[in-house]
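J.: sequence first, then the predicted structure, then my questions.
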Amino acid sequence: MPGYSYRAKRLKKNKPSFLGKSFIVSLVLNILLLYVFGNMVVFDLKIPLPEKEELTLVTLIELPAPQEPKTPQPEVAAKQPVAQLQVSQKTEPVSPEPPKLREEVTDTKVVKKEELKAGVPKVEVETPPIESTPQLSTPPAQARESLGEDISVSTEFFKQSIASRKEVKGEILDAGESQMKIDLGERGVENIEATYGTVINPGEITALPETKEKESPFGRRPLSITIENSEGARPQSGLDKANIVYEMLTEGGITRFLAVYYDKEAEVIGPVRSARPYFISKSLEHQSVYVHAGGSEEAYNFLRMEKIDDINEFVNFQPFRRSKERTPPHNLYTSTVELRKEANKLGYMEMVPKEDYQFETDSQEKLTGKPANSIVIPYNQRYVVSYKYQPESMKYLRFINNEPHIDAQTKEQLVVDNIVIQFANTKVTDEEGRLAIDLVGEGKGLVFFKGGSQEIVWKKQDLKARTVFLDKEGNRIAFTPGNVWIQIVPSDLEVKY
């Protein structure tokens, strides 16, 4: 059948024909056609067009008809049902197996039982019954050993529990030869805790191994704080909470303290004063954070050269406060809690090895010198420090110019467990009376505790090394547990005891 194709073309706007202007022309043409053909056709030679409308020209093109396709019909050899199930006679299987679905293959797909349409009979497959049920085999229990009046456990239990330890840790040897050890901590570092097992014999119950607890070799980083000791600064606050207190001369014949805190807290400490190089040296010896309010030019140079971790009230004023009860400069106070917050904010490392700043302590240590119930340290005529031993408490009461040295917070007199006198070379460095104290090297000293005394030798290898106190034979002196006050005095000063 021939086909047609339509081609459309947009024509331009036609101008109105002149013939359409007269109805007479149309009438004449109709008369002529009536005369020739015997019919009358009405022509409207003028078809008014919208002024802005365009015409579309449609062209009809005849296309040749395509040949008819020939589709070969498939030959069907034999007609088969879409799906057919064969049911065989029920037989008893040799061994129980799960039922399987039977499949039929057609020309196009595999039809399973689940895909059968409605009307196809269902086939029920019965699972053959299992004649016997499985049972767990348990080895017969051997001889039972009594754990008490009402408790008994199989010997096999002990053998299994002991043999399983080989998979976890160590190796099980013959009876009486096995021993387990669990190491805690890093290699080369003293263990904080260690557990040692006992000899284990198969078939026997042993007591649980004892746990030996040791003090951790690490602790919080200490704080070293310069505290004033002029007459306007007394009584001070927080000296009774310090673990170690150094007392050293400054300009004008007045001493100052360096209080070291490492496992005690003090809510009020002060008055805090400026830094001096030898205070920084002792702080560096303990790897502590040095706390001060300003300092001398030499002290600032020391802090900068040695890169000391310090908290300066002139820069880090947050942990400090001024008391209204005293006049400046004797009214600056702080606390260990606020100082540790500031140290954490500044990024100072918190944990340090204790062996670098903790003195050896031994409650059984005895001194070989003469008894000393009274100790007098005359720094100068206007400033004399003294201690008096109290046998009932085995502690020393502290005095300044024969007046009890009182803590401002507790209103109680300061007491001391260990006293060290360290003789060091001292000299004046400028017109203002600032001092230089030589704390590196070695020198003589005295130690007092429990009412006894002993001459000692102190040694310090370098600026960062810890000062050690030795007896005449070169053995370290162990202090009695408690606080330690170290009085650093000029090498030519005479101490009476």
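T.: On my side now, so go ahead.
J.: low pLDDT regions in the protein?
T.: Filtered on pLDDT under 70, the chain yields the residue ranges 1-23, 25-26, 30, 33-216, 355-357.
J.: repeat that with 90
T.: 1-220, 250-253, 262-264, 296, 349-364, 381-382, 427-436, 463-465, 472 (pLDDT under 90).
J.: domain parsing of it, as residue ranges.
T.: 3-59, 221-490 (automatic domain parsing).
J.: could those domains go into TSV alongside mean neighbour count and distance to residue 497?
T.: Any C-beta I mention is one placed from the backbone N, CA and C, and that applies to glycine too. TSV is the format used below for the domains of the chain (neighbours: other CB atoms under 10 Å; distance: least, CB to CB, whole Å):
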stretch	mean neighbour count	distance to residue 497
domain 3-59	10	128
domain 221-490	18	4
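J.: now the ones you listed as a markdown table including distance to residue 496?
T.: Below are the domains of the chain laid out as a markdown table (distance: least, CB to CB, whole Å):
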| stretch | distance to residue 496 |
| --- | --- |
| domain 3-59 | 130 |
| domain 221-490 | 4 |
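J.: quick one: residue 376 from residue 267, how far?
T.: According to CB to CB, to the nearest Å, residue 376 and residue 267 sit 33 Å apart.
J.: what is the one helix or strand residue 384 maps to packed up against?
T.: According to DSSP states H and E, residue 384 maps onto strand 383-390. Counting contacts by 3 or more CB pairs under 8 Å, 6 or more residues apart in numbering; DSSP states H and E, strand 383-390 is packed against strand 374-380, strand 395-400.
J.: which strands border it, and is each parallel or antiparallel?
T.: The pairing partners recorded for strand 383-390 under DSSP bridges are strand 374-380 (antiparallel), strand 395-400 (antiparallel).
J.: show me what secondary structure element comes after the shortest one.
T.: Next along the chain after strand 395-400, taking DSSP H and E as the criterion, comes strand 403-404.
J.: circling back: wait, which of the helices and strands packed on strand 383-390 is closest to residue 444?
T.: Residue 444 lies closest to strand 374-380 among the helices and strands packed on strand 383-390, at 14.6 Å (CB to CB).
J.: what sits up against the closest one?
T.: Residues outside strand 374-380 that contact it (CB atoms under 8 Å, 6 or more residues apart in numbering): 249, 253, 255, 384-389, 396, 419, 421, 448, 487, 489, 493-497.
J.: at 7 Å instead, please
T.: 249, 253, 255, 384-388, 419, 448, 487, 489, 495-497 (CB atoms under 7 Å, 6 or more residues apart in numbering).
J.: can you map out the helices along this structure?
T.: 23-37, 155-163, 165-168, 277-285, 297-306, 336-345 (DSSP state H).
J.: tell me who's in contact with residue 255.
T.: Contacts of residue 255 by CB under 7 Å, 6+ apart are 229, 247, 248, 249, 379, 383.
J.: let me know the closest of the residues you listed to residue 308.
T.: residue 248 (17.5 Å).
J.: tell me the contacts of that closest one?
T.: Counting by CB under 7 Å, 6+ apart, residue 248 has contacts 255, 256, 278, 437, 488.
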